[in-house]
Every structure is written in C-alpha cells, then in structure tokens.
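J.: Generate a structure from the sequence data that follows.
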Amino acid sequence: MVMDVAGTILRMYRVAKDIEKGVILERVVTWQLIMEKRGRALVVPQIDPDELLSSQADDTLGTLLSGREDMLEVSCSSSPFSRETAIRIVGHSQVTIRDLIDVHLRVKARCPDYYHTAGMIVDEDRQEVVYAVGTGGAPFPGIKDVLMDLDHLGADVYVASGDSMRSLSHLMDLGIDLSRVHPVSSPARKRAIIEDLKRRYKRVVMVGDGLNDLYALEAADLGVLTVQQDTRPSQKLLSAADKIINNILELPKILTENC
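T.: Got it, this is the predicted structure:
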C-alpha cells in the first residue's frame, strides 16, 4: 500500500499570500492555485521554516537560497516544469522572505506542533513568485490504529509525498518505516513508485486525496480516494479512483474486501 501524506495521513491547514494583492488567503487548496493556468509550479525549499524567523525579512528569496539551490525542489506543477527553471525564477525574484514568514506565522498560530512547511508558487510566464504558501498539519484521529490494522492484514505500507524528508520524519512516530518513505515525489514520480512496486508485489493499492495523486491512483491495482480533507476533488480525480472513502478509518475494511 502506498499512501500520500498531506490530506491523507495528516489533516492540513494551508494559507497562501497573493503577492500581487498583498492579501492572505485562508484554507486554500494548493493544487487549485497551481492549476489556474499552465506554467505554474509549487516549489519547496527543503529547510525548516522556523529558520525564516532568524533571516532578514526584507531580503529577497534569492538571498535565502543563495548557495543552497540544491535544496529547492519542484513538488507539483500544472505542466512540465524543470527544477532549473524554478531555481532561476526564485533566484531573480523580488519577493521577500517576509512573505514566507507571513504565511508561516499564520499557520504556526493555528497548528503549533508536528508538521510545517513553507513554499511558493512560481509562474513561468511572469517569471516570478505569485504566491507564498504555508502549510501545517496533524494526524487524522485514529490513523495510528489504521496503520496497525494494515500491518496485521499483512500490508507493507509505503509513503509517496511531495514533501521533504525533513517534514516527513515525524511519520516514524506513527510507526511508519522511514526506509519506505519516498519524499519530494512529483505526480509522475508517484506513478513510477506504483509501477515499480507492482513488479514486486501481487497487488498494489494507492491511497491519496489530491490531483497530484491522479497518475498513481490510475496506475495502482486499486486506487482509493479519501475526501476526509474536503478538498472538493475534481471529476477527473473521482473518475480515477476505484473506491472513495469519507474517513481514513474505512481503509482496513476496503483492503479486506478488495485484496
């Protein structure tokens, strides 16, 4: 079984700052902001967002990443988007560290513990960062019991997530083997993980909640879409799933009935 993290294992709280308008948007669905147009990508610097608080807030994002460009990863995009393009756009951006601090502090006030990331949505046409994005999360109630039940059923649980290993290290507290965690996984990478596991296992199940899980849901022997996060899934995503569940607690029963 391969599981997404944000919105699947963890209930997420996300905010975005519209850089042009200077306003913070609450409870955003990141993929919707990305899919508004082609040539957009979610870019995540693999650093602890608390590090932002000790930075010079009025410095540009390029200053933050100077010499650490290898820490910048493309998590999700609306069309093919190279890491080199993302590095170039962020490196020349006039957006400041303050914009990332603003969203991080908003999220941290709401979700003080467990999981935090800060990133940005870049626009290739505009050659600029258009949104700063902050995310916080905590495990859905009962997820630890779900994982124990899956283990008792003989399922090997893997994780495929667009987040960094730094952000995902907390999964160890839930009993997940970190050697089976695939960080910084794009939609295409998630599909490749499914296809690789299908060569090693008789049956592979994918569990996810977002558009970035679409290819993996389609590639799996059984694709399970969870709508517990209430992310208003698109019809394309609904069509890709073999099963749709309202609560992650339903997962062991789905596995028992279909595998």
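J.: Count the residues that sit near the nearest residue to residue 125 once chain neighbours are set aside.
T.: Excluding the flanking residues, the one nearest residue 125 by CB to CB, 6 or more residues apart in numbering is residue 39, at 5.2 Å. Heads up, the C-betas are built off the backbone N, CA and C, glycines and all. For residue 39, the neighbour count with other CB atoms under 10 Å is 17.
J.: Please report the distance of residue 39 from residue 186.
T.: Per CB to CB, to the nearest Å, residue 39 is found 16 Å from residue 186.
J.: Could I get the full set of strands for the stretch 1-150 of the chain?
T.: 2-3, 10-18, 23-26, 40-45, 72-77, 115-123, 128-139 (DSSP state E, counting those that start in this stretch).
J.: for the ones you listed, which one sits closest to residue 179?
T.: Nearest to residue 179, of all these, is strand 2-3, at 14.2 Å by CB to CB.
J.: Which helix or strand contains the most centrally placed residue in the chain?
T.: Residue closest to the mean C-alpha point of the chain, counted by CA atoms, centre = their mean, is residue 162 at 4.4 Å. Of the helices and strands defined by DSSP states H and E, none includes residue 162.
J.: Now for it: which residues touch it?
T.: 6, 42, 44, 75-76, 184-186, 212 (CB atoms under 8 Å, 6 or more residues apart in numbering).
J.: So which of those wins on neighbours?
T.: residue 212 (28 neighbours).
J.: before we move on, the earlier item: out of the strands of the stretch 1-150 of the chain, nearest to residue 252?
T.: strand 2-3 (12.8 Å).
J.: Report all helices and strands that that closest one contacts.
T.: strand 158-160, helix 187-198, strand 205-208 (3 or more CB pairs under 8 Å, 6 or more residues apart in numbering; DSSP states H and E).
J.: Burial check on the closest residue to residue 240 other than its chain neighbours, number of neighbours?
T.: Using CB to CB, 6+ apart and skipping residues adjacent in sequence, the residue nearest residue 240 is residue 217, 4.4 Å away. Residue 217 is flanked by 27 other residues according to other CB under 10 Å.
J.: quick one: residue 217 from residue 160, how far?
T.: 11 Å.
J.: ok, now residue 22?
T.: 35 Å.
J.: Neighbour count: those two, which is higher?
T.: Set residue 22 next to residue 160 and count neighbours by other CB under 10 Å: residue 160 wins out with 29 against 9.
J.: residue contacts, that one?
T.: 2-4, 182, 185, 189-190, 193-194, 216 are the contacts of residue 160 under CB under 8 Å, 6+ apart.
J.: By residue count, what's the longest helix in this structure?
T.: helix 97-110 (DSSP state H).
J.: How far does that one sit from its chain's centre?
T.: 18 Å (CA atoms, centre = their mean, to the nearest Å).
J.: Could you export it as PDB, CA atoms only?
T.: Extracted in PDB, the C-alpha atoms of helix 97-110 (Å, rounded to 0.1, in the frame of the first residue of the first chain):
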ATOM      1  CA  ILE A  97      11.500  36.400   2.900                       C
ATOM      2  CA  ARG A  98       8.800  38.400   4.800                       C
ATOM      3  CA  ASP A  99       6.200  37.000   2.500                       C
ATOM      4  CA  LEU A 100       7.100  33.400   3.500                       C
ATOM      5  CA  ILE A 101       7.300  34.500   7.200                       C
ATOM      6  CA  ASP A 102       3.800  35.900   7.000                       C
ATOM      7  CA  VAL A 103       2.200  32.600   5.900                       C
ATOM      8  CA  HIS A 104       4.400  30.500   8.200                       C
ATOM      9  CA  LEU A 105       3.400  32.500  11.300                       C
ATOM     10  CA  ARG A 106      -0.300  32.300  10.300                       C
ATOM     11  CA  VAL A 107      -0.100  28.500  10.000                       C
ATOM     12  CA  LYS A 108       2.000  28.100  13.200                       C
ATOM     13  CA  ALA A 109      -0.500  30.000  15.200                       C
ATOM     14  CA  ARG A 110      -3.200  27.600  14.100                       C
END
